[in-house]
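Q: Here is my input; please provide its structure:
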Amino acid sequence: MPSRYASLTRDELATLLPELLLIGQLIDRSGMAWCISAWGREEMAQVAIEEWAGSSPIYTRRMQKALRYEGTDVVTIFKGLQLDIGAPPQFMDFRYDVQDPWHGTFHLDHCGALMDVEPMGESYVRSMCHDIEDPTFDATAVATNPKAQVRPVHRPPRASTDQHPHCAWTVTIDESHPEVVPLAPYYHVEKTRAATVELDPIDPCDDGAADYAGPLLADVDFAAFSHSALVRMADEVCVQMHLLNLSFVHAVRQRATDDVQATEITTKQLVGIAGIAAERIHRALELPVTPEGALRALELHPLLNPAAYVDASVDGYSLTVRPSDATADGAWITLCGPDLTRPLQAAVRVVDPHLDVEVTGGADHWTATLVRSDEAAEEFDEVAVARFSTGTSFAFESRRSLPITPV
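A: This next block holds a predicted model:
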């Protein structure tokens, strides 16, 4: 099935890509509050470790293959981070240096995740910057080279709010290093259909860059890529989000007392990110504040993409969803339907609080129709909780894209 992102212009896609990467980061801002509420801070940290370690090696390799920068060196690792929902541009402002193929460093001039957790206290900072980062950085690097080690030079807690950079790390690849192996959740996630979904290949004859096989850039210039490459990248970023969510669902189910609690937590995560993602997509693409604008934002939402994974179509004021690989995986779309309207309501009400949805059909084949209510609905608590993150209002800036050469 053709990508739904193919309907966007090249300029629109270049605007949308960093938005999608940031939306992927905000999935955790939506989900982890409910894990803390259910099991406490320490268990939340374990959920986060399993979630990222289970998904990032899979989606990192997918992006490497799609954009033809597969390798075993530090540059390959850094390119992967630049196109990873765990490190969205500018919000997680990674700055890279490469000494040689096997040695590099990076620091964060701005860490949006730190800005989110620092007000919560030092224990939460340590959970994120120590407990979670140590295993997940290595889990990401293992996708490129199992002999890679990512180690801190310094990291929070900060001595003062004026301390910059927020953190600094070394990346070293050495044959003497013990080989890093994936954590257990990886072997669950790699069996999902999302892990192997086939997307349209990039057209090498399309105007613009068809891959990222050239030099490492300080900041990825999405506008330099071809329309075809940007479509593939947008679809791949949505696959990253699905894999992350499937890993999150697996981690939650390992801890939930029953299916009711697991469904409650995963639904709350979806409601929050459904609203925030729709709002950012709608704003970035300057869509109209109309039912058509709300439905267009939903059509481009990671909930429904890529089209090769989620079978859905828009006709007039209606969205129809049919059984698909996403249904088989138990992905986000299975938390929507005739009796599960809150994620869809959250997505359209951030555009206009008077909008609502009426859903008819069965559990995995249904149609949602937009309707208008005279009374404005209040924002869902889950969306309000996700707004705790500074990423929900973060604004991207224009930057020059300069090559990084070994020093």
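Q: Let me know the helix or strand that the closest residue to residue 56 other than its chain neighbours is in.
A: Residue nearest to residue 56 in three dimensions, not counting chain neighbours: residue 140, with 4.6 Å by Cβ to Cβ, 6 or more residues apart in numbering. Yep, even glycine has a C-beta here, placed from its N, CA and C like the rest. Using DSSP states H and E, residue 140 sits in helix 133-141.
Q: mind listing what's buried in that helix?
A: 133, 135, 136, 137, 138, 139, 140, 141 (16 or more other Cβ atoms under 10 Å).
Q: now do stretch 291-306
A: 291, 293-306.
Q: so how far does that stretch reach from one end to the other?
A: One end of stretch 291-306 to the other measures 22 Å (Cα to Cα, to the nearest Å).
Q: Let's see stretch 206-218 as CSV, backbone CA atoms only.
A: Taking Å, rounded to 0.1, in the frame of the first residue of the first chain, the C-alpha atoms of stretch 206-218 are listed here in CSV:
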residue,chain,number,x,y,z
ASP,A,206,14.3,11.4,-7.4
ASP,A,207,15.7,14.9,-7.0
GLY,A,208,17.8,15.3,-3.8
ALA,A,209,19.8,13.0,-1.6
ALA,A,210,18.6,9.3,-1.7
ASP,A,211,20.7,8.2,1.2
TYR,A,212,23.0,9.2,4.1
ALA,A,213,26.1,7.4,2.8
GLY,A,214,28.2,10.5,2.7
PRO,A,215,29.9,12.4,5.6
LEU,A,216,28.5,12.6,9.1
LEU,A,217,26.7,16.0,9.4
ALA,A,218,26.6,18.1,12.6
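Q: Give me the mean pLDDT for stretch 364-375.
A: Stretch 364-375 shows a mean pLDDT of 96.
Q: can you check stretch 155-170 too?
A: Stretch 155-170 comes out at a mean pLDDT of 86.
Q: From one end of it to the other, what's the distance?
A: 12 Å.
Q: Kindly report the same for stretch 313-326.
A: Start-to-end, stretch 313-326 (Cα to Cα) is 15 Å.
Q: Need the contact partners of that stretch.
A: Applying Cβ atoms under 8 Å, 6 or more residues apart in numbering, the set of residues contacting stretch 313-326 from outside is 193-194, 197, 242, 291-292, 295, 298-299, 304, 308-312, 332-334, 336-337, 344, 364-370.
Q: Helices of the stretch 301-407 of the chain, residue ranges please.
A: Here the stretch 301-407 of the chain has its helices, by DSSP state H, counting those that start in this stretch, at 325-329, 342-349, 381-386.
Q: For residue 82, find the nearest of those helices.
A: Proximity to residue 82 (Cβ to Cβ) singles out helix 381-386 among the helices of the stretch 301-407 of the chain, at 24.4 Å.
Q: So which elements touch the closest one?
A: helix 10-39, helix 259-284 (3 or more Cβ pairs under 8 Å, 6 or more residues apart in numbering; DSSP states H and E).
Q: secondary structure class for the closest residue to residue 76 other than its chain neighbours?
A: Spatial nearest neighbour of residue 76, excluding adjacent residues (Cβ to Cβ, 6+ apart): residue 144 at 4.9 Å. What DSSP: H, G, I helix; E, B strand; the rest coil gives for residue 144 is coil.
Q: just checking, residue 144 touches residue 72?
A: Yes. Applying Cβ atoms under 8 Å as the test, residue 144 and residue 72 come out as touching, 6.2 Å apart.
Q: Just want to know which of the two has more residues nearby.
A: Taking neighbours as other Cβ atoms under 10 Å, residue 144 and residue 72 compare with residue 144 leading, 26 against 15.
Q: What residues does that one make contact with?
A: Here residue 144 is in contact with 60, 64, 71, 72, 73, 76, 77, 80 (Cβ under 8 Å, 6+ apart).
Q: what ranges do the helices span in the stretch 51-200 of the chain?
A: 74-82, 112-117, 122-126, 133-141, 184-189, 193-196.
Q: Would you mind listing the buried residues in the last one?
A: To tie it back to what came earlier, the one meant is helix 193-196. Quick answer for helix 193-196 (16+ other Cβ under 10 Å): 193, 194, 195.
Q: Skip the chain neighbours and tell me the closest residue to the last one.
A: Spatial nearest neighbour of residue 195, excluding adjacent residues (Cβ to Cβ, 6+ apart): residue 58 at 5.1 Å.
Q: and the one you found, what is it in contact with?
A: 143, 186, 189, 190, 195, 243.
Q: Buried among the residues you listed? Make that a ChimeraX selection.
A: Restricted to buried positions by 16+ other Cβ under 10 Å, the ChimeraX selection for these reads:
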select :143,186,189,190,195,243
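Q: Residue 349: which of the contacts of residue 58 is nearest?
A: residue 243 (27.6 Å).
Q: How about the closest one: what's its closest non-neighbour residue?
A: Counting by Cβ to Cβ, 6+ apart, the residue nearest residue 243 is residue 55, at 4.0 Å.
Q: show me what contacts the one you found?
A: By Cβ under 8 Å, 6+ apart, the neighbours of residue 55 are 186, 189, 240, 243, 244, 246, 247.
Q: Tell me how this protein divides into domains.
A: Following automatic domain parsing, one gets these domains for the chain: 4-239, 259-390.
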